[in-house]
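A.B. asks: below is the sequence, then the predicted model.
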Amino acid sequence: MSERVPDVEIGPATQADGTAVVALWRAAGLTRPWNDPDRDFADALVTATSTVLVARGPGGIDGTAAGDDPAVVGSVMAGFDGHRGWLYYLAVAPEARGQGLGRELVVAAEAWLAGQGAPKVQLMVRRENADVQAFYAALGYEDADCVVLGRRF
């Protein structure tokens, strides 16, 4: 792994970050037509047991930042359901990949979840996404050997 991307800070997202964060999620291929990422972002910020953490630094999905503010170059959503923590929407801008930022975002989200009282963390990865499965395996995540079932309302 190369050195960490310089001048990057990780902290809580604000409503003003919504457009940049959702653009990052879209560019990373994390969105699906049946989920509204704008609503997911907004809901995470107003729910006491969830958050979106962002990495701010030079660059960003469009290569620019507004004014002198650092751009959003990474994000992760975390939520605690009272039994376990969950990670969602981990994304790093293309120019910031391969420098340990994804790992740092996961560590920050795990720390936030631990602070909420979560005894463990889970996440879902699409079966065909072997690269992301390998990323999480390198961080100590294991296949939970379960089937995830769902139902939409």
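C.D. replies: The structure has been received and is ready for your questions. Residues are numbered from 1 along each chain as shown.

A.B. asks: mind listing what's buried along stretch 16-27?
C.D. replies: By neighbour count on 16 or more other Cβ atoms under 10 Å, the buried set for stretch 16-27 is 17, 18, 20, 21, 22, 23, 24, 25. In short, each C-beta sits where N, CA and C put it, glycine included.

A.B. asks: so what touches it?
C.D. replies: With contact meaning Cβ atoms under 8 Å, 6 or more residues apart in numbering, stretch 16-27 is reached by 13, 31, 37-38, 41-42, 52, 54, 60-62, 71-72, 74-75, 89, 91, 93-94.

A.B. asks: buried ones among the residues you listed?
C.D. replies: Among these, those buried by neighbour count (16+ other Cβ under 10 Å) are 13, 31, 37, 41, 52, 54, 60-61, 71-72, 74-75, 89, 91, 93.

A.B. asks: of all these, which two lie farthest apart?
C.D. replies: 31 and 71 (19.4 Å; Cβ to Cβ).

A.B. asks: before we move on, back to that, among the contacts of stretch 16-27, which lie within helices?
C.D. replies: If you go by DSSP state H, those have 37, 38, 41, 42 in helices.

A.B. asks: tell me if I'm right that residue 15 and residue 46 touch.
C.D. replies: No: using Cβ atoms under 8 Å, residue 15 is not in contact with residue 46, being 9.1 Å away.

A.B. asks: how about the strands in this structure?
C.D. replies: 9-12, 50-57, 71-80, 85-92, 121-123 (DSSP state E).

A.B. asks: so where's the protein uncertain?
C.D. replies: Applying pLDDT under 70 to the chain flags residues 1-6, 59-68.

A.B. asks: send the alpha carbons of the helix ranked longest in the chain over as CSV?
C.D. replies: Using DSSP H to define each element, the chain has its longest helix at helix 101-116. Included here for helix 101-116 are C-alpha records, laid out as CSV according to Å, rounded to 0.1, in the frame of the first residue of the first chain:
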residue,chain,number,x,y,z
LEU,A,101,-8.3,6.0,2.6
GLY,A,102,-11.0,3.3,2.3
ARG,A,103,-9.4,1.5,5.2
GLU,A,104,-9.3,4.7,7.3
LEU,A,105,-13.0,5.3,6.5
VAL,A,106,-13.9,1.8,7.7
VAL,A,107,-11.9,2.3,10.9
ALA,A,108,-13.6,5.6,11.5
ALA,A,109,-17.0,4.1,11.0
GLU,A,110,-16.2,1.1,13.2
ALA,A,111,-15.1,3.6,16.0
TRP,A,112,-18.4,5.5,15.6
LEU,A,113,-20.4,2.3,15.8
ALA,A,114,-18.4,1.1,18.9
GLY,A,115,-19.3,4.4,20.4
GLN,A,116,-23.0,3.7,19.8
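
A.B. asks: alright, I will stop here.
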